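# Coordinates for the following, if possible.
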Amino acid sequence: MAKLYFYYGAMGSSKTANALMAEYNYSERGQKVLLAKTNIDTRDGTHIIRSRIGLQKECVLLSDICAMSDEEISTYHAVIVDEIQFATREQIDFLAHIVDDLDVPVLCYGLRSDFQLNLFEGSERLLAIADVIKEVKTVCWCGAKATCNARYNKNGIVREGSQVLLGANDEYIALCRKHFLEGKLYKD
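Below you'll find the model as predicted:
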């Protein structure tokens, strides 16, 4: 029986690399995979998923999947979606439909919370309905488990602003909760 998976982690925890490796594993075994990302993530182009370590693959958009017929989706052995935190509640519910009614597993990768420790809409819905929830771990500069996504600039940690600001290592860093709350980006 197919399941809805949510793999979440802080920035830099290799979520995208894991998504691309999962796609590779299915494909290597002759399985047909639908690889997607949410429409908001345009950092590497509209139809490219790229990890920080340089892995990349062409993809479709989640909105394209939501517009597909059940018959077409049923031809796939798995659906893998990156940057799932940017999905809407309705899109997550459609992914659940793929699992429950079409018996196609859906693997979702993304952040749990934003730079203010608030849940993203897509992540919140997945935490409520996913069959399997797994953390993809990374570490803070101190060596402790990093669970917070700190947005920063030349003045330090940014505590206010729009929930969505696309960026990478130049604007975000994963921190443990202690150092996030203290506002410590690095060891003094």
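# Count the neighbours of the closest residue to His77 other than its chain neighbours for me.
Excluding its sequence neighbours, the residue lying closest to His77 (CB to CB, 6 or more residues apart in numbering) is Gln31, at 3.8 Å. In short, each C-beta sits where N, CA and C put it, glycine included. Gln31 has 12 neighbours, counted by other CB atoms under 10 Å.
# so what's the most centrally placed residue in the chain up against?
With distances taken as CA atoms, centre = their mean, Gly110 lies nearest the centre of the chain, 1.7 Å away. The contact partners of Gly110, taken as CB atoms under 8 Å, 6 or more residues apart in numbering, are 6-8, 15, 82-86, 120, 122-123.
# mind running it again at 6 Å?
Counting by CB atoms under 6 Å, 6 or more residues apart in numbering, Gly110 makes contact with 83-85.
# Averaging pLDDT per element, find the lowest-scoring helix or strand in the protein.
strand 156-158 (a mean of 79; mean pLDDT, DSSP states H and E).
# In it, which residues are buried?
Residues Ile157 are the ones in strand 156-158 that count as buried (16 or more other CB atoms under 10 Å).
# How far does that strand sit from its chain's centre?
23 Å (CA atoms, centre = their mean, to the nearest Å).
# buried set for whatever helix or strand comes next after it?
Downstream of strand 156-158, the next assigned helix or strand under DSSP states H and E is strand 172-175. Across strand 172-175, burial judged by 16+ other CB under 10 Å covers 172-175.
# How far off centre is strand 172-175?
The answer for strand 172-175 is 15 Å, by CA atoms, centre = their mean.
# Mind giving me the packing neighbours of it?
Under the contact criterion of 3 or more CB pairs under 6 Å, 6 or more residues apart in numbering; DSSP states H and E, strand 172-175 touches strand 148-153.
# got the residue ranges for the helices in the protein?
For the chain, the helices defined by DSSP state H occupy 15-28, 62-66, 70-73, 89-102, 121-129, 177-182.
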